[in-house]
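*Asks:* Predicted model and sequence follow; I will ask about them next.
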Amino acid sequence: MNSRRRVNFSTVIPLRLLKVAAFVVLSLNRISRVAIVRNMMPRLAGLSLVLCIVAPFGLSSAGAQTPCRSTVIGDLHVDQFASQTYQRQQTVRVWVPPGYGDASNADRKYKVLYLLDGQTAFDECTAFRGEHELQVDETVTRLIAEHRIVPIIVVGIDSYERRSYEYLPYKDVLGNGGGPEPIGTKLPDFLVTEVLPYVAAHYRVATEPGNVAIGGTSNGGIAAAYTLLHRPDRFRLGLIESPTLPDGNGALLRETEFLGRGPDRVYVGVGTTELAVPGGDKFAAQLGLTLEGANAGFAKMSETLATNLRSAFLNHPEVQLVVEPNGTHTSTSWARRFPRAIQFLFGAP
């Protein structure tokens, strides 16, 4: 079953656990003061509550009841369809540009960016816990208004609990060599046989591969790059942010070393301090490296990816590599670089 709903106003998400939390507070019999606080970075599509002991403060009912208000700008449609590949309801978030519904544009087809981890693209209320939205809607709205890019449609494709398992085409031999073989090799065909047909049936998107981009961050960056390599008949533009190239012990670099046809245009972004995040030092130690050495290697791998893509034999891909000083493996860095990436891919003529 397919379902569609339109979001173009602030959405209120109720905190349904407040009554339960209040009962817990009362049952503590004032042994300690308890505060219920809303996690400021909701995980996926919901809210998570954190019950914590905070002495000597009491329960702040005003703060606890504050709902998350949508930060979406413009016209966002949240659709679902039944995925045969993953045997679940798949959510796609389709942002259409200003003027899309005007009669004068009724026959217009729009260039399109398909963006993995779609729940992180447009709304603070659905971004991953501990992260922020990428501000895709705000950025694209501004750049269109300033005539820096052509009007485009952005399709966010939600990820789910087994994100790494479904995104990665290579086993994480460095961090989890004994784990199961991931199924990321299925993703390109899932996009081509399920996502693209659904979107094309409901929205006026261009389908020529030179007008179709695939993008992602982190593991999503690996998945986007892999899709560019394996379905160049449908995707010839790419947005690759902080790709986790150590996965597969550099397998994607080996796969792109002798590339026949590369993308028409691809953006690659990375920071010089990608691993300056919680757990980064542990990752470096696991590899027997210093944090400084691991950071340098992470950036070097992205530079090598850009070089490999430029060196395709059959065409001459336009590749923009951005190495941001002090950029980290976070949504804050990705959002900061997004305007540059989107202008490179969809710049106004």
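*Replies:* It's in.
*Asks:* so what's the nearest residue to residue 314 once chain neighbours are set aside up against?
*Replies:* Counting by Cβ to Cβ, 6 or more residues apart in numbering, the nearest residue to residue 314 once its immediate chain neighbours are dropped is residue 261, at 4.5 Å. Any C-beta I mention is one placed from the backbone N, CA and C, and that applies to glycine too. By Cβ atoms under 8 Å, 6 or more residues apart in numbering, the contact set of residue 261 is 232, 312, 313, 314, 315.
*Asks:* cool, and residue 183?
*Replies:* Contacts of residue 183 (Cβ under 8 Å, 6+ apart): 165, 166.
*Asks:* how close does it get to residue 256?
*Replies:* Distance of residue 183 to residue 256, given as Cβ to Cβ, to the nearest Å: 21 Å.
*Asks:* likewise residue 76?
*Replies:* Residue 76 is 34 Å from residue 256, by Cβ to Cβ.
*Asks:* Check residue 131 too.
*Replies:* To residue 256, residue 131 is 28 Å away according to Cβ to Cβ.
*Asks:* Could you do residue 328 as well?
*Replies:* To residue 256, residue 328 is 25 Å away according to Cβ to Cβ.
*Asks:* Repeat that for residue 81.
*Replies:* On the measure of Cβ to Cβ, residue 81 and residue 256 end up 32 Å apart.
*Asks:* now swap in residue 192 and tell me
*Replies:* 20 Å.
*Asks:* which residue packs closest to residue 108, ignoring adjacent ones?
*Replies:* residue 204 (6.3 Å).
*Asks:* The one you found reaches residue 109, doesn't it?
*Replies:* Yes - assessed by Cβ atoms under 8 Å, residue 204 is found in contact with residue 109 at 5.2 Å.
*Asks:* Surely residue 69 is in contact with residue 125?
*Replies:* Yes - using Cβ under 8 Å, residue 69 is in contact with residue 125, at 7.3 Å.
*Asks:* the more surrounded of these two?
*Replies:* In terms of neighbours (other Cβ atoms under 10 Å), residue 125 is the more surrounded of residue 69 and residue 125; the figures are 22 against 14.
*Asks:* Helix or strand for the more buried one, just tell me which one.
*Replies:* Using DSSP states H and E, residue 125 is not contained in any helix or strand.
*Asks:* The closest residue in space to it that isn't next to it in sequence: neighbour count?
*Replies:* Excluding its sequence neighbours, the residue lying closest to residue 125 (Cβ to Cβ, 6+ apart) is residue 68, at 4.1 Å. By the measure other Cβ under 10 Å, the count of residues near residue 68 is 21.
*Asks:* One more: residue 249?
*Replies:* By the criterion of other Cβ under 10 Å, residue 249 has 14 neighbours.
*Asks:* how about it, what does it touch?
*Replies:* Residues near residue 249 by Cβ under 8 Å, 6+ apart: 173, 174.
*Asks:* ok, now how distant is it from residue 307?
*Replies:* Taking Cβ to Cβ, one finds residue 249 at 19 Å from residue 307.
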